[in-house]
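Engineer: Sequence first, then the predicted structure:
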Amino acid sequence: MSSDPKISTSIRLYRTTPHPCSYKDAQQATTVFVDPEIEITQALNSKLSNLGYRRSGAHLYRPDCTYCDACISCRVPISKFNAKRSQKKIFRLNEDLQVKETSELDCAESFNLYCRYINTRHQDGDMFPATWEQYQAFIATKTNDTRFYRFYTETRLVAVSVTDILQNGLSAVYTFFDPTAAKRSLGSYVILWQIEKCRELDLPYLYLGYWINNCQKMNYKNKYRPIQLLIGGKWLLLK
């Protein structure tokens with residue numbers, strides 16, 4: 001069991017034993033996670049997101065590695081973001097998409113898209129190969145404030161975003177999309193769409209999880225500038 005002085009003492013935290021790092025080869029990682037018996041309310045999710053925690057399925061967690069602090073929480077300050085020319089082009093490329101919002105994602109078409117995405121794009125990751133059990137635990141498990149945004153071209157599902165509605169923003173929990181639709185840049189589009197959704201809901205931030213300097217898997221987050229990084233317990237603006 002672990003502790004965090006910024007979190008109420010009524011919340012138990014647990015620390016994992018070292019396990020292989022998903023982002024740095026030949027390194028071990030450890031993770032602190034909130035007692036899974038505690039309900040993830042909007043207030044708790046919001047507070048912990050502001051402190052650098054992240055939701056994955058039924059768990060709120062943050063990296064807590066002994067010799068490494070490379071994982072840095074990041075979020076887009078909506079009022080300061082202006083889309084670049086290339087990002088506006090991505091918006092135009094996807095103007096034909098229709099978005100359906102649901103509070104459940106227990107459907108075959110979403111699972112099939114998830115499988116195609118993981119089995120094509122993440123063959124080197126710990127989620128390969130995709131399974132129904134993994135999908136249920138990681139994607140379909142939700143809070144009362146989770147929304148699933150499904151993006152369609154006519155009747156064909158091409159992307160899904162798992163998004164938590166926080167008190168001060170949206171948290172982009174996970175996005176998967178059609179790996180054969182590369183020209184659409186769907187991963188980038190969904191982030192841009194979520195930024196606009198924050199504007200619509202008058203929410204100041206889009207939380208994008210963790211960023212690691214010089215990590216190829218994380219480089220895409222550099223495109224959404226200015227961005228705020230949580231360093232030393234303070235959110236600092238990176239232009």
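Structural biologist: Happy to help now that I have it.
Engineer: who touches the lowest-mean-pLDDT helix or strand in the chain?
Structural biologist: Every helix and strand in the chain was compared by mean pLDDT, DSSP states H and E; the lowest is strand 19-20, with a mean of 90. Contacts to strand 19-20, defined as CB atoms under 8 Å, 6 or more residues apart in numbering, come from residues Gln27, Gln28, Ala29, Thr30, Thr31, Asp126. Placement of C-beta: from N, CA and C, glycine included.
Engineer: wait, isn't the fourth one in contact with Tyr61?
Structural biologist: Spelled out, that is Thr30. No. Assessed by CB atoms under 8 Å, Thr30 is found out of contact with Tyr61, at 10.5 Å.
Engineer: Throw the contacts of strand 19-20 into a markdown table and include pLDDT, thanks.
Structural biologist: Output for the contacts of strand 19-20, formatted as a markdown table (pLDDT from 0 to 100):
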| residue | pLDDT |
| --- | --- |
| Gln27 | 89 |
| Gln28 | 92 |
| Ala29 | 94 |
| Thr30 | 96 |
| Thr31 | 96 |
| Asp126 | 75 |
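Engineer: From those residues, keep the buried residues only.
Structural biologist: Neighbour-count burial (16 or more other CB atoms under 10 Å) is assigned, among the contacts of strand 19-20, to Ala29, Thr30, Thr31.
Engineer: before we move on, the earlier item: among the contacts of strand 19-20, which two are most distant?
Structural biologist: Spatially, the most separated pair among the contacts of strand 19-20 is Thr30 and Asp126, at 15.5 Å (CB to CB).
Engineer: Look up the closest residue to the residue sitting nearest the centre point of the chain, ignoring the ones flanking it.
Structural biologist: For the chain, the residue sitting closest to the mean C-alpha position, by CA atoms, centre = their mean, is Val173 at 2.9 Å. The shortest distance from Val173 to any non-neighbouring residue, by CB to CB, 6 or more residues apart in numbering, is to Val162 (4.3 Å).
Engineer: what's the burial count for the residue lying closest to Ala181 once chain neighbours are set aside?
Structural biologist: Excluding its sequence neighbours, the residue lying closest to Ala181 (CB to CB, 6+ apart) is Val158, at 5.7 Å. Neighbour count for Val158, taken as other CB atoms under 10 Å: 19.
Engineer: How much space separates Val158 from Leu206?
Structural biologist: Counting by CB to CB, to the nearest Å, the gap from Val158 to Leu206 is 21 Å.
Engineer: who does the helix or strand hosting Ala159 pair up with?
Structural biologist: Element membership for Ala159 (DSSP states H and E) is strand 156-165. Using DSSP bridges, the strands paired with strand 156-165 are strand 146-153 (antiparallel), strand 169-177 (antiparallel).
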